[in-house]
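> I would like the atomic coordinates for the input below:
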Amino acid sequence: MRSSSMRELDILQAIGEGERVTRRDLMHRLNIAGRLADRYIKQLVGKGLLKVKTAPARRVLYWLTPKGFAEKARLSYEFVTYTYKMYRECHRLASNMLHDLARRHGVRRVVFYGAEPLAEVVAVSLPENHIELVAVADEDHVGEECAGQTVVSIDALDRLEFDRIVFTAFSKRDDVILRKLLETKGEVVHVAEPGPPAEEKP
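Model prediction:
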């Protein structure tokens with residue numbers, strides 16, 4: 001799913017959730033600059049998906065047209081379908097990786113770094129490969145729950161016994177410094193980040 005379509009869906013959902021949505025509301029909800037919000041709004045108005053009305057106190061209100069509601073439903077379905085395909089591919093990659101770790105390297109105890117949805121996907125394949133999840137670490141989510149574990153800090157890994165760290169951060173936070181830090185705690189393996197899922201043939 002293209003990033004532009006994702007942004008359009010975000011805007012349509014934000015406007016569809018409230019009766020009186022202003023430009024400032026959109027900037028706040030979507031965390032985007034005013035110029036970028038204006039550009040997307042102009043495009044959506046041009047497509048006939050939104051209507052604009054000037055309100056008192058020089059405010060501008062937006063609401064969805066019937067065509068806009070239909071497009072929001074279409075994009076929502078496309079997003080769900082894309083997400084399902086993407087995570088199914090992640091599960092396949094994770095299952096293959098864990099099988100290789102268990103069979104070829106004798107790995108039985110692992111730690112995840114990255115309290116993200118990807119960690120939940122990888123955790124599904126642990127029992128079938130007879131691998132135990134010892135802990136989930138993530139500096140940004142300490143104390144939260146992920147994959148049945150209470151998330152801990154990196155330093156807490158010093159007190160644990162495990163064979164590998166599985167990097168399950170599915171974002172761009174995995175910079176060189178963080179990777180080097182993790183490597184001082186044990187050997188790190190990475191779940192390959194797949195490209196966009198291929199279109200299925202009917």
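
> low-scoring pLDDT stretches of this protein, where are they?
1-3, 18-20, 55-58, 170-182, 192-202 (pLDDT under 70).

> would you tell me which helix is longest in it?
The longest helix of the chain (DSSP state H) is helix 66-105.

> what's next to the helix or strand just after that helix, contact-wise?
Using DSSP states H and E, the helix or strand that follows helix 66-105 in sequence is strand 109-113. Identification of contacts with strand 109-113 by Cβ atoms under 8 Å, 6 or more residues apart in numbering yields 101, 119, 122-123, 126, 131-138, 146-147, 149, 154, 157, 160-169, 182, 186, 188. Every residue, glycine included, has its C-beta placed from N, CA and C.

> contacting residues for Lys47?
When contacts are counted by Cβ under 8 Å, 6+ apart, Lys47 touches 67, 71.

> can you give me the helices for this protein?
So, for the chain - with DSSP H - the helices run 3-17, 23-30, 34-46, 66-105, 117-124, 176-183.

> columns mean neighbour count and distance to Thr54 on top of those helices, output as TSV?
Output for the helices of the chain, formatted as TSV (neighbours: other Cβ atoms under 10 Å; distance: least, Cβ to Cβ, whole Å):
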stretch	mean neighbour count	distance to Thr54
helix 3-17	17	16
helix 23-30	16	11
helix 34-46	14	13
helix 66-105	15	19
helix 117-124	20	41
helix 176-183	12	48
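
> closest one to Arg59 among the ones you listed?
With Cβ to Cβ as the measure, helix 23-30 is the member of the helices of the chain nearest Arg59 (7.9 Å).

> against which helices or strands is that closest one packed?
Applying 3 or more Cβ pairs under 8 Å, 6 or more residues apart in numbering; DSSP states H and E, one finds that helix 23-30 contacts helix 3-17, helix 34-46, strand 59-64.

> in TSV: these, plus distance to Arg92.
Converted to TSV, those look like this (distance: least, Cβ to Cβ, whole Å):
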stretch	distance to Arg92
helix 3-17	23
helix 34-46	35
strand 59-64	37
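
> about what we covered before: now the angle between strand 59-64 and the longest helix of the chain, please.
Computed with axes from the mean of the first three to the mean of the last three Cα atoms, to 10 degrees, the direction of helix 66-105 lies at 70 degrees from that of strand 59-64.

> please parse the chain into its domains.
Annotated domains of the chain cover 3-64, 89-190 [automatic domain parsing].

> now do the last one: distance to the chain's middle.
The reference is to domain 89-190. The chain centre lies 16 Å from the centre of domain 89-190; the measure is Cα atoms, centre = their mean, to the nearest Å.

> repeat for the first one
Chain-centre distance of domain 3-64: 23 Å, with Cα atoms, centre = their mean.

> from the contacts of strand 109-113, which would you call buried?
With burial judged by 16 or more other Cβ atoms under 10 Å, the buried subset of the contacts of strand 109-113 is 101, 119, 122-123, 126, 131, 133-138, 146-147, 149, 154, 157, 162-169, 182, 186, 188.
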